[in-house]
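Participant: based on what follows, work out the 3D shape:
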Amino acid sequence: MNCITTTTRDLKNIVECHKSAFPNALSSKMGNTFISKMMEWYITSDRGILFHIENKNKEIIGYCGGIITKQKGLHGAVTSISQYSFNTFLISYLIRPWLIFHPENIKKITYIKKNILLKIGLYKTAETINKKEFCPFMGLVVIGLRKDNQGKGIGGIILNEFENIAKNNNEIKKISLSVKLQNINAIKAYSKNGWKIGEQTKKTIQMFKFI
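Facilitator: Okay, the predicted model is just below:
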């Protein structure tokens, strides 16, 4: 299987792959237009990375999105994508107002407030990297696999491609990701591919790999 750089022509199929991989996620419930806009950021931003894998029938069965950070003080992926898709985000809630009370939103009230203030120009401080010595890195933001293609080694192929992309950028020295603490299978999979465990909070683990 070959990894293919995603273009805007692939967004429709990326959306379907995302919904299959994350059927219960808030993003999936917000509709196809929102998912498409969210994924579009990876394609249009000079900091974004997006590629996918197709089967013999040219169906997208897996994808990966990432972000490049070469200097301190830049916004992370979640903030960058939220700002890019802000209008679509609002429209999705106008159409589906009950999603405002979705558990994912309840947990992120502070974050949502910050992004609204940032959008209207009342919050200007970018996220900072909590490191004494900054190291340019490429962050893995999301990996999505169609449900019927999970557990077949495709995730490992995607991780290898993500690392190869980072290695081909001479400025990148490290790859990193954040994974939920209870996602034991994902942590094992990343560890198997050489990722190390870094900082840990009550909910997440930061993992990294120097390249």
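
Participant: pull the helix or strand with minimum mean pLDDT from this protein.
Facilitator: helix 109-119 (a mean of 80; mean pLDDT, DSSP states H and E).

Participant: next secondary structure after it?
Facilitator: Past helix 109-119, further along toward the C-terminus, the next helix or strand under DSSP states H and E is strand 137-145.

Participant: which strands border that next one, and is each parallel or antiparallel?
Facilitator: Partners of strand 137-145 in the sheet, by DSSP bridges, are strand 60-69 (antiparallel), strand 174-180 (parallel).

Participant: point to the residue nearest the middle of the chain.
Facilitator: Centroid-nearest residue in the chain, with CA atoms, centre = their mean: Val141, separated by 2.7 Å.

Participant: how near is that one to Gln206?
Facilitator: With distances taken as CB to CB, to the nearest Å, Val141 is found 13 Å from Gln206. Every residue, glycine included, has its C-beta placed from N, CA and C.

Participant: mutual contacts of those two, please.
Facilitator: Shared contacts of Val141 and Gln206, defined by CB atoms under 8 Å, 6 or more residues apart in numbering, comprise Leu177.

Participant: excluding its backbone neighbours, what's nearest the residue nearest to the centre of the chain?
Facilitator: Of all residues not flanking Val141 in the chain, Ala77 sits nearest, at 4.4 Å (CB to CB, 6 or more residues apart in numbering).

Participant: re the thing from before, how about the strands paired with strand 137-145 in CSV, adding mean neighbour count?
Facilitator: Output for the strands paired with strand 137-145, formatted as CSV (neighbours: other CB atoms under 10 Å):
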stretch, mean neighbour count
strand 60-69, 23
strand 174-180, 18
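
Participant: can you put those in TSV and add distance to Ile106 and mean pLDDT?
Facilitator: Shown next, in TSV, are the strands paired with strand 137-145 (distance: least, CB to CB, whole Å; pLDDT from 0 to 100):
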stretch	distance to Ile106	mean pLDDT
strand 60-69	25	97
strand 174-180	16	94
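
Participant: out of the ones you listed, nearest to Gln83?
Facilitator: Gln83 lies closest to strand 60-69 among these, at 13.1 Å (CB to CB).

Participant: with only the CA atoms kept, save the helix or strand just after the closest one in CSV.
Facilitator: Next in sequence after strand 60-69, counting helices and strands by DSSP H and E, comes helix 77-84. Only the C-alpha atoms of helix 77-84 are listed here, as CSV (Å, rounded to 0.1, in the frame of the first residue of the first chain):
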residue,chain,number,x,y,z
ALA,A,77,-3.2,22.4,15.6
VAL,A,78,-6.5,22.5,17.5
THR,A,79,-6.5,26.3,17.8
SER,A,80,-5.3,26.7,14.2
ILE,A,81,-8.0,24.5,12.8
SER,A,82,-10.7,26.0,15.0
GLN,A,83,-9.8,29.5,13.8
TYR,A,84,-9.8,28.3,10.2
